[in-house]
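**Student:** Have a look; sequence and predicted model below, questions after that.
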Amino acid sequence: MEKSYLSDRVASLKPSGIRKFFEIASTMKEVISLGIGEPDFDSPPAIIEAGIRSLREHRTHYTSNRGIMPLRQALSRHIENLYGISYSPEDEIVATVGGSEALVIACTAILNPADEVIIPTPCFVSYQGVIALAGGISVEVPCKMENNFMPDPEELEKAISNKTKAILLNFPNNPTGAVADKETLIAIGKIAEKYDLVVISDEIYDRLVYGVEHVCFAALPGMRDRTILVGGFSKDYAMTGWRIGFVCAPTSIMQGVARVHQYIIMTAPTMAQYGALEGLLSCEDDVQKMIIEYDRRRKIIVEGLNYIGLPTFEPHGAFYAFPKVSVTGLNDEEFSERLLQEKHVAVVPGSAFGSAGKGFVRCSYATAFDQIEEALDRIDQFVKSL
């Protein structure tokens, strides 16, 4: 038997449930992908020009570890204007390589070996892996469709043990599109306070909400000093390829987070920082135009899936619908594989997002309106053929 040189932590990581279907779809023709969680919009022109300008002005060197000061200052104003919470640009904000790095350095900074992190699921596919790589243990608390995929505070509290260190939240949620209401978040905050837990709040989709208001967890009474706020520009500003995000935290926590960032990354890409700065300064109209178009797509895909007979609750955030496909008699893996092979429509099995996602699939509406209409026609044909 060939010897493995991999660490136990890495060897135990599961492959991404999303990638499998992307790889299959990439070998096929005329596939409509509702699988990828990426805006189909290009970055706003002003952002692109700011990035190009930074290169022409020879800004090709390292920046401060925490990011250029104008970006941190703009982020501080931006968050305060939106949510009424203040972070010091000097000590409490770090520019990161996307929201993904922000999650990695947050978990690495706070977790000791075997510390437990409670995660409401379904959740983004990387959460369990990031926690495992930091030496922690994920504890899933399932959310249910009949409760609009909101965490049940009582169930969350039952999951707490003497090893629990943190709660990881993601609202607006990937994959369900759920947006947490203030009452639920306040209840979770009281639990965090009662058991002296850190809350990592991944709010990467904070601007992409429809008909409701996003509640910033750190802005809730008493939560700022125990919250690590994760955000970014990939979704709200259509900047996925720029790899630029941020993390905000009180100084006592940020000292450790920034130290990890310094050792594993050093700095976020310089060009991307200038692009992000321009986004904050001048691209609000672009953000609003994207929100309006996503909302238009959201309505047709939810209406269409329900019409087909796949029960779908109304998502109010991000750009995902999460229909229940177990009503067809197929599990989510079978449904996704057959839909791709027979009708050339790519979706992601819900089980890729935790056990609570079994029986569902994630459909991204970050694709053109006419493509969504065609995909719905193909899904309808597929369901009728079963």
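**Tutor:** Received it, and whenever you're ready, just let me know what you need.

**Student:** from the middle of its chain, how far away would stretch 244-259 be?
**Tutor:** Here stretch 244-259 shows a centroid-to-chain-centroid distance of 18 Å under the convention C-alpha atoms, centre = their mean, to the nearest Å.

**Student:** I meant to write stretch 133-150 there.
**Tutor:** Stretch 133-150 has its C-alpha centroid displaced from the chain centroid by 14 Å (C-alpha atoms, centre = their mean).

**Student:** which one is Phe353 nearest to, not counting chain neighbours?
**Tutor:** With sequence-adjacent residues excluded and distances taken as C-beta to C-beta, 6 or more residues apart in numbering, Phe353 is closest to Pro122, at 3.8 Å. All C-beta atoms are positioned from the backbone trio N, CA, C, and that covers glycine.

**Student:** Could you tell me which residues make contact with that neighbour?
**Tutor:** Residues near Pro122 by C-beta atoms under 8 Å, 6 or more residues apart in numbering: 143, 149, 173, 175-176, 322, 350, 353-354, 356-357, 360.

**Student:** the strands in the stretch 1-150 of the chain, which residues?
**Tutor:** Here the stretch 1-150 of the chain has its strands, by DSSP state E, counting those that start in this stretch, at 32-33, 93-96, 116-121, 137-142.

**Student:** So for Met254, which of those strands sits nearest?
**Tutor:** Nearest of those to Met254, taken as C-beta to C-beta: strand 93-96 at 7.0 Å.

**Student:** List the contacts of the longest helix seen in the chain.
**Tutor:** Criterion DSSP state H: the longest helix present in the chain is helix 284-308. Applying C-beta under 8 Å, 6+ apart, the contact partners of helix 284-308 are 39, 41, 44, 46, 177, 207-211, 236-238, 312, 314-315, 319, 321, 323, 363, 365-367, 369, 372-373, 376, 379-380, 383.

**Student:** one step back: can you tell me which of the strands of the stretch 1-150 of the chain has the worst average pLDDT?
**Tutor:** Lowest mean pLDDT within the strands of the stretch 1-150 of the chain: strand 32-33, at a mean of 93.

**Student:** Around Arg378, how many other residues sit close by?
**Tutor:** Taking other C-beta atoms under 10 Å as the criterion, the count of residues near Arg378 is 15.

**Student:** do Arg59 as well
**Tutor:** 15.

**Student:** Please tell me how far it sits from Gly359.
**Tutor:** Going from Arg59 to Gly359 by C-beta to C-beta, to the nearest Å gives 50 Å.

**Student:** Equivalent analysis for Met28, please.
**Tutor:** For Met28, the distance to Gly359 - C-beta to C-beta - is 25 Å.

**Student:** Just want to know which of those two has more residues nearby.
**Tutor:** Neighbour tally, Met28 and Gly359, criterion other C-beta under 10 Å: the higher count belongs to Gly359, 19 against 11.

**Student:** A strand includes Tyr274, no?
**Tutor:** No. Assessed with DSSP: H, G, I helix; E, B strand; the rest coil, Tyr274 is helix; it does not lie in a strand.

**Student:** distance of the closest residue to Arg226 other than its chain neighbours from Ala238?
**Tutor:** Using C-beta to C-beta, 6+ apart and skipping the chain neighbours, the partner closest in space to Arg226 is Val198 (5.6 Å). Val198 sits at a distance of 31 Å from Ala238 (criterion: C-beta to C-beta).

**Student:** Point out where this structure drops to low pLDDT.
**Tutor:** Where the chain drops to pLDDT under 70, the residues are 1, 17-26.

**Student:** Kindly report the domain assignment for it.
**Tutor:** As assigned by automatic domain parsing, the chain contains the domains 8-43+285-385, 45-282.

**Student:** can you give me the helices for this structure?
**Tutor:** All helices of the chain, identified by DSSP H, fall at 8-11, 17-25, 45-56, 69-83, 98-110, 127-133, 153-158, 182-194, 251-264, 270-282, 284-308, 332-343, 369-385.

**Student:** ok, back up a step: spit out the contact partners of the residue nearest to Arg226.
**Tutor:** Going by C-beta under 8 Å, 6+ apart, Val198 touches 110, 165-167, 192, 226-228, 253.

**Student:** next one: Ser54
**Tutor:** 270-271, 274-275.

**Student:** how about those in JSON lines, adding neighbour count?
**Tutor:** Output for these, formatted as JSON lines (neighbours: other C-beta atoms under 10 Å):
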{"residue": "Thr270", "neighbour count": "19"}
{"residue": "Met271", "neighbour count": "18"}
{"residue": "Tyr274", "neighbour count": "24"}
{"residue": "Gly275", "neighbour count": "28"}
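
**Student:** Closest one of those residues to Val215?
**Tutor:** Distances from Val215 to those, taken by C-beta to C-beta, are shortest for Gly275, at 27.9 Å.

**Student:** Leu133 versus that closest one, what's the distance?
**Tutor:** Counting by C-beta to C-beta, the gap from Gly275 to Leu133 is 29 Å.

**Student:** One more: Asp8?
**Tutor:** Taking C-beta to C-beta, one finds Asp8 at 11 Å from Leu133.

**Student:** Tell me which of those two has more neighbours.
**Tutor:** More crowded of Asp8 and Leu133, by other C-beta under 10 Å: Leu133, with 17 against 8.

**Student:** so who does the nearest residue to that one once chain neighbours are set aside touch?
**Tutor:** Excluding its sequence neighbours, the residue lying closest to Leu133 (C-beta to C-beta, 6+ apart) is Arg9, at 6.1 Å. If you count contacts by C-beta under 8 Å, 6+ apart, Arg9 has them with 132-133, 135.

**Student:** a markdown table for those residues, including distance to Leu82?
**Tutor:** Listed next are the contacts of Arg9 as a markdown table, based on distance: C-beta to C-beta, whole Å:
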| residue | distance to Leu82 |
| --- | --- |
| Ala132 | 33 |
| Leu133 | 31 |
| Gly135 | 34 |
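
**Student:** Let me know the closest of those residues to Ile68.
**Tutor:** Distance to Ile68, by C-beta to C-beta, is smallest for Leu133 among the contacts of Arg9, at 28.5 Å.
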